[in-house]
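Participant: Here is my input, please return the structure:
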Amino acid sequence: MPADCHLSIPFLLCKHALLNPFCRLENISTLAAHVHALFDRLDLWLEEWYTVARTRTRIQHKYRVREDPASIRPFPPAVTFTSGESLSLPLPSPRYLDIPAACCNLAWLSGVINCIETTF
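Facilitator: Model (predicted):
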């Protein structure tokens, strides 16, 4: 076995992350189990926070919490992602968070969410 064999797995992981944009930290967020279930059922999503809607000035890594209109869950109106003071890890990408937000908006505005809830 070659002496540099231990370097092959990290190299493959790095190469895979470079070739596959979905295997990056920007596409990862850690959620509590009950919140993850709400995301899975399209009952909770995040939309970018803007200072003024007309100018579309975005506040970096701050998101408005949107949820099922009939929900009585006590979620805060907004969340801001951070990686801690000592870490410099990438935060979730707004581009990746826009995808489930668009799906949720479409499902709720079109009424498809009723079919989804009865089917799943």
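
Participant: which strand in this protein runs the most residues?
Facilitator: In the chain, ranked by residue count with DSSP state E as the criterion, the top strand is strand 58-67.

Participant: Give the pairing partners of it; include direction for each.
Facilitator: strand 44-50 (antiparallel), strand 78-80 (antiparallel) (DSSP bridges).

Participant: Quick check: buried residues in it?
Facilitator: Going by neighbour count (16 or more other C-beta atoms under 10 Å), the buried part of strand 58-67 is His61, Tyr63, Val65, Arg66, Glu67. For the C-beta atoms, the positions are set from N, CA and C on the backbone; glycine is no exception.

Participant: Can you pull out the residues in contact with that strand?
Facilitator: For strand 58-67, contacts defined as C-beta atoms under 8 Å, 6 or more residues apart in numbering pick out 38, 43-51, 73, 75-82, 91-92, 94, 97, 101, 104.

Participant: Equivalent analysis for stretch 24-40, please.
Facilitator: Residues from elsewhere that reach stretch 24-40, judged by C-beta under 8 Å, 6+ apart: 17, 21, 44-45, 67, 73, 81, 89-93, 96, 100.

Participant: repeat that for 10 Å
Facilitator: Contacts to stretch 24-40, defined as C-beta atoms under 10 Å, 6 or more residues apart in numbering, come from residues 17-18, 20-22, 43-46, 65, 67-68, 71, 73, 75, 79, 81, 83, 89-97, 99-100, 104, 120.

Participant: One more: stretch 81-100?
Facilitator: 21-22, 24-30, 39-40, 42, 44-48, 58, 60-63, 80, 101.

Participant: Now do the contacts for Pro69.
Facilitator: Taking C-beta under 10 Å, 6+ apart as the criterion, Pro69 is in contact with Trp108.
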